[in-house]
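Q: Predicted model and sequence follow; I will ask about them next.
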Amino acid sequence: MATAKKTTKKEYVPIEAAIFSMEGKQVGSTTLPENLFGQPWRADLVHQVTTAMQANLRQNRAHTKDRSEVSGGGKKPWKQKGTGQARHSSTRSPIWRHGGITFGPRSTRDYSEKINKKMRVGALLSVLSKKAKDGEIILVDKFTFAAPKTALAKTALVALAKGADAGVLTAKKKNAALLALASYEANTIKSFGNFGSIETEELRNLNPVDVLSHKYLVIENPEAAFKALTVRAKSK
């Protein structure tokens with residue numbers, strides 16, 4: 001009688017990540033928490049959650065008129081009998097030109113899908129772990145801008161790309177990096193607002209779709225970020 005093989009969980013290999021300043025200099029390092037960055041890759045879960053999120057963002061604009069909505073057709077085209085033609089009751093009929101559309105798209109259709117909280121969090125942790133293993137997470141201690149300045153943001157981006165050896169940050173024209181801010185910072189958001197390749201988002205709004213849509217994930221204030229993500233992970 002054949003015995004089933006026992007599957008053993010892969011041991012987590014700690015990932016050491018450098019912490020950079022706005023000037024691109026390494027100011028420290030930290031070990032990425034296992035509960036956030038040591039989760040297995042769940043392609044099925046990630047696909048289900050991301051497609052559902054995209055469906056929830058879908059705006060249904062396609063709309064056709066049925067025979068009760070098109071104009072005209074109030075009078076019978078011709079009498080029922082004696083003309084030698086087929087009988088018709090209204091020019092609104094779908095078989096007539098300019099008549100109503102049968103089974104056409106309607107704006108009342110709902111494409112939204114329900115996503116369980118555990119699934120959403122599980123997919124996010126799986127994506128974060130994949131990013132960490134691929135070396136696509138950059139930690140920054142703090143972004144500080146006294147006033148919204150695109151020039152200062154560009155200088156910081158170039159320095160960070162050089163320090164983290166991530167030239168894609170400045171070379172990629174679209175979806176180069178997602179900046180996850182610890183809290184709402186208007187000056188930081190406005191400073192990076194003119195870059196088509198950079199998107200800013202508050203950490204509390206982080207989701208799998210945004211993370212997967214960008215090459216790098218830049219996390220500001222790692223200590224506070226990890227605490228906030230741990231709170232979300234515990235709700236899983």
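A: Happy to help now that I have it. Everything quoted here is computed from the prediction, not taken from an experiment.

Q: what's the average pLDDT for the longest helix along the chain?
A: Determined from DSSP state H, the single longest helix within the chain is helix 117-133. Helix 117-133 comes out with an average pLDDT of 96.

Q: which other residues reach the helix or strand just after it?
A: Sequence order places strand 137-140 as the next helix or strand after helix 117-133, per DSSP states H and E. Contacts of strand 137-140 with the rest of the structure, by Cβ atoms under 8 Å, 6 or more residues apart in numbering, involve 17-22, 30, 32, 37, 128, 131, 160, 164, 166, 177, 216-222. Using the backbone N, CA and C atoms, a C-beta is placed for each residue, glycine as well.

Q: Can you list the low-confidence ranges for the chain?
A: 1-10, 236 (pLDDT under 70).

Q: Residue most distant from the centroid, it?
A: G82 (64.4 Å; Cα atoms, centre = their mean).

Q: distance of that one from G73?
A: Distance, G82 to G73, by Cβ to Cβ, to the nearest Å: 21 Å.

Q: Buried subset of the contacts of strand 137-140, written for ChimeraX?
A: ChimeraX command restricting these to the buried ones, with burial defined by 16 or more other Cβ atoms under 10 Å:
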select :17,19,20,21,22,32,37,128,131,160,164,166,177,216,217,218,219,220,221,222
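
Q: contacting residues around the most centrally placed residue in the chain?
A: Centroid-nearest residue in the chain: V209, 2.4 Å away (criterion: Cα atoms, centre = their mean). The contact partners of V209, by Cβ under 8 Å, 6+ apart, come to 50, 53-54.

Q: Strands along this structure, start to end?
A: In the chain, the segments counted as strands under DSSP state E are 16-20, 26-31, 137-140, 177-181, 198-202, 216-220.

Q: domain assignment for the chain?
A: Per automatic domain parsing, the domain ranges recorded for the chain read 16-43+115-234, 59-77+85-110.

Q: quick one, what contacts G135?
A: G135 neighbours (Cβ under 8 Å, 6+ apart): none.
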